[in-house]
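>>> Got a predicted structure here, sequence first:
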Amino acid sequence: MRDGYAYNQPIIPWDQNYPITSYIPPFPPNSKLARAYFIYQRYTRSFPPKEALDKGTMFPELYSPYPYHDRKGI
Amino acid sequence: MWIYEKKLEYPVRIKNPNPKMAKLIITQYGGPDGELAASLRYLSQRYIMPIPEAKGLLTDIGTEELAHFEIVGTMVYQLMKGASPEEIKAAGAADYFVDHGRGVYPQSAAGNPFTAAYIQSKGDPVTDLYENLAAEQKARSTYEYLIQTADDPDVIEPLKFLREREVVHFQRFGEALMKVQEYLESKKYF
Amino acid sequence: MKNNERARLLDEIRAIEFMTIELNLYLDTHPDDQKALNDYNSYTKQLMALKDEYQRRYDPLSNFGTAVSEYPWAWINEPWPWELD
């Protein structure tokens, strides 16, 4: 064997090597390889204006706080 | 063309000078993952976008990044204002001071002047949008590092605002990417 | 700001304009979202009224023909956005 690669082994389909469904994200059928997918946001609710400006977004589903200085023990 | 509005998108009211912090924050003014780079990148890429959603989004986010460029410049200005040369020297900012005084100059935290080498405009709408997704993540990380090094709430609040904007922009570029990819696949583009 | 009422009005303009910016970016990728468009128009009308009031009482917020100016040329008046008073 060259480089330690087992040339004589049968080719196992990739999805039989891994536990089913736990690691496979729920992508729609016919999704293509070699490209990224994004979920479209759907606007339903919003923070009021002053709170939105303070937080940096009007959309609760896009709000990602960064409370570094509020950690315990600091 | 651009019209200027005489107010900051988010207020900056820094009461205590801090030249050390100024030298770090300036990286979001003229550094590799900063607001000037973001603005020029998006405003340069918009010309070759194939769908109106992408032309609009790149123009609008590019414009908002100029507003952020202004916020960061203001922060540097206020952090240097009122600091004596002795304080500046003690803060390790004497090398910036001798070249630029208490003025605002587009450079990175390491002292490298701004360059278009920080951006790419590849002329390929899919490539450009992936570049932009990466750029927004790099900016978010930089703001997180800056927030970690800051201790003045007057400094931390605008940094948190700017960081959250990067998260929102990332989502928008992702949506634009979906639309561009769908459009190009439907045209069987080569 | 020296004038607290002026600062309060400008902060209100800032908050409403931020809503229009957020909805603007959302509409760029969701051009047929009716609710977003209605909200954008509603905030825009509110913003235009607030800006009219601010510019009537204080200084122009924008130039290149977006608002008229008193004498002498008011566009250059302080404070500029990077200044604390």
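Yes, it's here.
>>> Now do the same contact list for residue 62.
No chain was given, so I picked chain A. A:41, B:167, B:168, B:171 (CB atoms under 8 Å, 6 or more residues apart in numbering or on different chains). (Each C-beta comes from the backbone N, C-alpha and C, glycine too.)
>>> that's the wrong chain, I wanted chain B
B:38, B:39, B:40, B:41, B:42, B:43, B:46.
>>> go with 7 Å
B:39, B:42, B:43, B:46 (CB atoms under 7 Å, 6 or more residues apart in numbering or on different chains).
>>> Most neighbours among the contacts of residue A:62, please name it.
The most crowded member of the contacts of residue A:62, judged by other CB atoms under 10 Å in any protein chain shown, is residue B:168 (24 neighbours).
>>> low-confidence ranges in the chain?
This is for chain A. A:1-25, A:72-74 (pLDDT under 70).
>>> I was thinking of chain B, sorry if that wasn't clear
In chain B, residues with pLDDT under 70: B:189-190.
>>> Restricted to strands, list the contacts of residue B:62.
Among the contacts of residue B:62, no residue falls in strands (DSSP state E).
>>> Now which of those would you call buried?
The neighbour count (16 or more other CB atoms under 10 Å in any protein chain shown) marks B:39, B:42, B:43, B:46 as buried among those.
>>> just to revisit the earlier point, now for the contacts of residue A:62: which two are most distant?
A:41 and B:167 (11.7 Å; CB to CB).
>>> what residues does chain C put near chain A?
C:14, C:15, C:16, C:18, C:19, C:22, C:26, C:33, C:35, C:36 (CB under 7 Å from any CB of the partner chain).
>>> Now do the same contact list for the fourth one.
Applying CB under 7 Å, 6+ apart, one finds that residue C:18 lies in contact with A:49, A:52, A:53, B:9.
>>> Let me know the closest of those to residue B:153.
Nearest to residue B:153 out of these is residue A:53 (CB to CB; 16.3 Å).
>>> That closest one against residue C:13, yeah?
No - the criterion here is CB atoms under 7 Å, and residue A:53 misses it with residue C:13 at 10.8 Å.
>>> Filter the buried ones among the contacts of residue B:62 down to the ones in helices?
Among the buried ones among the contacts of residue B:62, the members falling in helices (DSSP state H) are B:39, B:42, B:43.
>>> Near the closest residue to residue B:40 other than its chain neighbours, how many other residues are there?
Nearest non-adjacent residue to residue B:40, counting by CB to CB, 6 or more residues apart in numbering or on different chains: residue B:119, 5.7 Å away. Neighbour count of residue B:119, defined by other CB under 10 Å: 19.
>>> How much space separates residue B:119 from chain A?
Going from residue B:119 to chain A by CB to the nearest CB, to the nearest Å gives 21 Å.
>>> same deal with residue C:80?
Distance from residue C:80 to chain A, by CB to the nearest CB: 20 Å.
>>> Considering the contacts of residue B:62, which is situated nearest to residue B:100?
Nearest to residue B:100 among these, with distances taken as CB to CB, is residue B:39, at 21.1 Å.
>>> ok, that closest one touching residue B:69?
Yes - the pair residue B:39 and residue B:69 qualifies as a contact (CB under 7 Å) at a distance of 6.0 Å.
>>> and the residue in chain A that chain B sits nearest to, how many residues sit next to it?
Of all residues in chain A, residue A:56 sits closest to chain B, at 2.8 Å by CB to the nearest CB. When neighbours are counted by other CB under 10 Å, residue A:56 registers 25.
>>> Now do the residue nearest to it when sequence neighbours are not counted against chain C, distance only.
Excluding its sequence neighbours, the residue lying closest to residue A:56 (CB to CB, 6+ apart) is residue B:164, at 2.8 Å. Computed as CB to the nearest CB, the residue B:164 to chain C distance reads 11 Å.
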